[in-house]
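Student: my questions are about this predicted structure, shown below with the sequence.
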Amino acid sequence: MPDSVRSQGLSRRESLRNMLAASAALLVAGSARGESAAPKRKPNVLYVFSDQHRWHSMSFTEQPQLQTPNMARLAGDGASFSRCVSNYPVCSPYRAMLLTGRWPYQTGIIDNNIPLGTTEQTLGKLFKSAGYRTGYIGKWHLGGERAEPYGFDESLVWEGTNTHWDQSTYYPAKGEPVQPKGYNATLMTDQALGFVEAHKDEPFLLLLSLNPPHSNFLDPPQAKKDLYPEGSIPYRPNVPEKPKGGDTAGQPKKNKNVDLSRDDWPTQQGYHAHISAIDDELGRLLKKLDDLGIAGNTIVVYSSDHGSMQGSHGLGGKRQPHEESIRVPFIIRYPGVIAPGRKEDALFGAIDIAPTLTRLAGLEKQDAFVGQDFSPLLRGEKFDAPKAQLIMHIAKENASGGQEHPAPLFRGLRTERYTYAEVVEGGGFLFDNQEDPYQLKNLFDDGARAEQRLALHTQLLEALRKAQDPLGTSPAKA
């Protein structure tokens with residue numbers, strides 16, 4: 001058949017196909033020019049956070065002996081912050097900041113075991129109103145046994161999680177509490193995998209709160225303990241060789257020494273074994289996203305509520321202004337938006353997480369959030385990073401030991417170079433983190449630093465006023 005005849009005899013189906021192809025080509029060209037194409041599905045958000053994991057303890061930060069391949073993979077696929085600050089290194093205050101984007105005196109969560117008010121605006125409520133299926137699984141620590149009043153469609157709140165095997169309890173929406181057998185981080189992750197599977201075809205927000213490496217430090221999976229025979233993980237240089245039996249260097253003299261030292265290998269081993277176990281759970285979640293084909297449209301975060309002293313300066317626990325207590329991992333992946341392998345040294349705080357996540361996911365800006373939105377930085381746009389992060393330890397009535405807990409009450413700043421903190425009972429801390437990264441020399445009483453100390457004090461008062469902290473009205477110090 002001649003070409004002219006064939007051309008004249010095009011079927012309606014062939015004509016329609018050609019029209020559709022031409023339209024598709026125009027859409028592709030328009031997209032390349034930045035024009036709007038078909039709307040993209042909202043990104044999922046998977047926020048995984050452990051309890052008491054300090055930044056220093058990962059294979060790609062300061063402990064290459066540690067096995068954390070999935071955390072390293074996530075960092076390689078996205079951005080890792082080297083100076084993420086837990087503004088208040090205690091469980092409940094951190095969680096309240098994470099959910100509400102507001103300071104402790106604004107929410108009333110100034111210590112552990114204080115219920116969060118249900119009228120607070122939260123991440124759960126915001127994402128739910130934006131059409132997301134919202135879930136919370138794991139340790140809650142904000143009062144009650146349900147997270148639904150805070151905007152979560154589904155919640156499985158766990159209690160009794162510090163013993164990591166067989167004794168933790170979770171609360172289903174209906175029926176009696178359940179006390180399953182197994183390592184609680186694995187059991188929580190099983191539930192998270194079920195949530196992701198169930199909601200793979202709709203946008204979801206899931207917060208997964210794992211308990212390890214919080215104490216009990218002696219009960220990680222045996223296979224993970226076996227990774228770290230004695231001496232395989234070096235102590236930080238600020239961990240004393242032997243218990244001091246007296247006042248701890250750098251601490252106000254009225255505070256007791258916890259007497260942790262390099263004599264305590266089981267704690268060192270167990271803490272890091274728990275971290276490797278958490279890394280396995282993160283790996284299971286990443287694989288599930290890959291298997292379901294939704295990894296490319298999911299924002300994944302791994303972080304922690306606060307760090308752990310682990311013997312540094314002879315101290316255990318948290319509630320301290322030291323780096324081991326306030327500096328935590330924050331690793332975030334969003335394919336196609338966050339460039340892979342980015343290493344960020346901006347001072348990013350817990351108070352900044354809520355505004356950053358909501359805006360990164362495309363939700364509207366919230367006036368209630370008092371932190372800074374870091375999504376422009378993550379998108380590679382122009383960004384003015386904060387020069388300091390407010391740090392604090394406000395109350396300890398609900399700490400272990402109550403008022404006898406050894407950590408001082410303080411307010412302070414972590415700046416680009418310095419850690420400055422004023423202790424409520426008097427005295428304080430001033431460390432030059434550039435020249436003294438292990439904070440071995442407290443410069444607070446150094447007369448030559450008086451002018452610098454006054455400048456930091458003035459800066460601190462302004463930060464406290466913005467945080468509605470009553471100590472923001474204190475007079476300037478000479």
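Tutor: Everything's here; your move. Remember, it's a predicted structure, so these values are computed and weren't measured experimentally.

Student: count of residues packed around the closest residue to residue 472 other than its chain neighbours?
Tutor: Nearest non-adjacent residue to residue 472, counting by Cβ to Cβ, 6 or more residues apart in numbering: residue 464, 3.3 Å away. Any C-beta I mention is one placed from the backbone N, CA and C, and that applies to glycine too. Other residues near residue 464 number 23, with proximity taken as other Cβ atoms under 10 Å.

Student: just to be sure, residue 464 is in a helix?
Tutor: Yes - counting by DSSP: H, G, I helix; E, B strand; the rest coil, residue 464 falls inside a helix.

Student: wait, what's in contact with it?
Tutor: Contacts for residue 464 (Cβ atoms under 8 Å, 6 or more residues apart in numbering) come out as 390, 411, 471-472, 474.

Student: who wins on neighbours among these?
Tutor: residue 411 (25 neighbours).

Student: can you tell me how far it is from residue 303?
Tutor: 23 Å (Cβ to Cβ, to the nearest Å).

Student: just so I have it, where are all the strands in this structure?
Tutor: 44-51, 79-85, 133-139, 154-159, 169-171, 204-213, 298-304, 327-333, 342-344, 348-349, 388-393, 410-415, 418-423, 428-432 (DSSP state E).

Student: of all those, which lies closest to residue 186?
Tutor: Among the strands of the chain, strand 204-213 comes nearest to residue 186, with 9.5 Å by Cβ to Cβ.

Student: bridged to the residue positioned nearest the centre of the chain, which residues?
Tutor: In the chain, the centroid-proximal residue (Cα atoms, centre = their mean) is residue 303; its distance is 3.2 Å. Beta bridges link residue 303 to residue 49, residue 330, judged by DSSP bridges.

Student: then residue 135?
Tutor: Beta bridges link residue 135 to residue 154, residue 206, judged by DSSP bridges.

Student: so it sits right up against residue 151, yeah?
Tutor: No - look at residue 135 against residue 151 with Cβ atoms under 8 Å: they stay out of range, at 10.6 Å.

Student: so between these two, which is more surrounded?
Tutor: Comparing residue 135 with residue 151 by other Cβ under 10 Å, the one with more neighbours is residue 135, at 25 against 22.

Student: quick one, helices of the stretch 251-400 of the chain?
Tutor: 265-292, 323-326, 353-360, 375-378 (DSSP state H, counting those that start in this stretch).

Student: according to the record, where do the domains of this structure fall?
Tutor: The chain breaks down by automatic domain parsing into domains covering 44-380, 392-473.

Student: now these in CSV, with mean pLDDT and distance to residue 386?
Tutor: Formatted as CSV, the domains of the chain follow (pLDDT from 0 to 100; distance: least, Cβ to Cβ, whole Å):
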stretch, mean pLDDT, distance to residue 386
domain 44-380, 94, 5
domain 392-473, 94, 9
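
Student: on that earlier part again, any common contacting residues for residue 135 and residue 151?
Tutor: Counting by Cβ under 8 Å, 6+ apart, residue 135 and residue 151 have no shared contacts at all.

Student: wait, what's in contact with residue 150?
Tutor: By Cβ under 8 Å, 6+ apart, the residues touching residue 150 are 99, 116, 118, 120, 122, 124-125, 136, 142.

Student: let's see that with 7 Å instead.
Tutor: 99, 118, 122, 124-125 (Cβ atoms under 7 Å, 6 or more residues apart in numbering).

Student: between those residues, which is closest to residue 66?
Tutor: Nearest to residue 66 among the contacts of residue 150, counting by Cβ to Cβ, is residue 99 at 29.8 Å.

Student: verify the stated contact: that closest one with residue 121.
Tutor: No - Residue 99 is beyond contact range of residue 121, at 9.0 Å (criterion: Cβ atoms under 7 Å).

Student: those two: which has the busier surroundings?
Tutor: The neighbour count for residue 99 versus residue 121, taken as other Cβ under 10 Å, is higher for residue 99 (27 against 19).

Student: can you pull the contacts of the more buried one?
Tutor: 122-123, 150.

Student: and residue 202, by the same measure?
Tutor: Per Cβ under 7 Å, 6+ apart, neighbours of residue 202: residue 133.

Student: and residue 188, by the same measure?
Tutor: By Cβ under 7 Å, 6+ apart, the contact set of residue 188 is 137-138, 158, 208, 210.

Student: once you drop chain neighbours, what's closest to it?
Tutor: With Cβ to Cβ, 6+ apart, the residue lying closest to residue 188 is residue 138, at 4.8 Å.
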